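Engineer: Sequence and predicted structure, then a few things I'm wondering about:
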Amino acid sequence: MKKSILAYVVFAIISANQIAAQDQTIKKDNFETKHSIGFGAGYSTGVGISYRYVPKRFGAQITFGLYVSEKQENYSNGFSLLYKLKSTNKSTLFLYQGNHVVINRYFGFGDPTGYTYMHSLGIGIEINLLRDIGFNIMSGFLRQSDGRGSKPNFGPTLDLGLYYKF
């Protein structure tokens with residue numbers, strides 16, 4: 001009788017350890033990361049290398065890119081605010097507010113420097129392709145203006161991003 005009780009206690013301890021280990025594995029696989037780095041291409045959020053920080057519901061994204069040729073330099077500077085609406089293991093739905101400033105410097109032309117400012121509001125979705133890789137599609141409404149006081153332009157925008165989450 002004592003041997004069967006001892007065997008039962010040992011079996012219960014081993015089973016409890018296995019269940020706890022499986023629970024830890026599931027939690028590790030579902031862990032939401034706060035940091036992401038990747039490439040963003042958007043008219044209203046910027047074009048270039050991008051970094052995201054989303055600790056809980058609110059987050060931010062910065063993007064920087066540079067294009068240089070013999071005749072010009074273009075600097076893309078983006079800053080966006082993010083707000084998570086719903087998050088699952090496969091995707092995240094969010095609202096975004098994008099800001100993008102493009103600085104153009106021309107060599108040998110009449111207007112040596114100019115800039116364009118874009119501001120947008122919209123909705124986006126991040127689709128988890130792999131555990132640590134996310135693909136972002138954002139669409140919204142854009143307002144564009146330049147530094148010369150011209151009449152602003154309005155229209156739709158589409159922004160894409162591919163991120164490694166850590």
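Structural biologist: Ah, there it is. Numbering: from 1, shown residues only.
Engineer: Break this protein down into its domains, please.
Structural biologist: Domains of the chain are assigned by automatic domain parsing as 1-31, 33-165.
Engineer: Compute the first-to-last residue distance for the last one.
Structural biologist: Start and end residues of domain 33-165 are separated by 6 Å (CA to CA, to the nearest Å).
Engineer: try stretch 108-116
Structural biologist: End-to-end for stretch 108-116, by CA to CA: 20 Å.
Engineer: could you give the mean pLDDT of it?
Structural biologist: Mean per-residue pLDDT for stretch 108-116: 77.
Engineer: ok, which stretches of this protein are strands?
Structural biologist: Ranges of strands in the chain, per DSSP state E, are 35-42, 46-53, 58-68, 72-87, 91-106, 113-128, 133-146, 153-165.
Engineer: Tell me the pLDDT of the residue nearest in space to the middle of the chain.
Structural biologist: Of all residues in the chain, the one closest to the mean position by CA atoms, centre = their mean is residue 52, 5.1 Å from it. Note on residue 52: pLDDT of 96.
Engineer: Kindly state the pLDDT recorded for the nearest residue to it once chain neighbours are set aside?
Structural biologist: Residue nearest to residue 52 in three dimensions, not counting chain neighbours: residue 36, with 4.0 Å by CB to CB, 6 or more residues apart in numbering. Bear in mind the C-beta positions are built from the backbone N, C-alpha and C, glycine included. Residue 36 carries a pLDDT score of 96 in this model.
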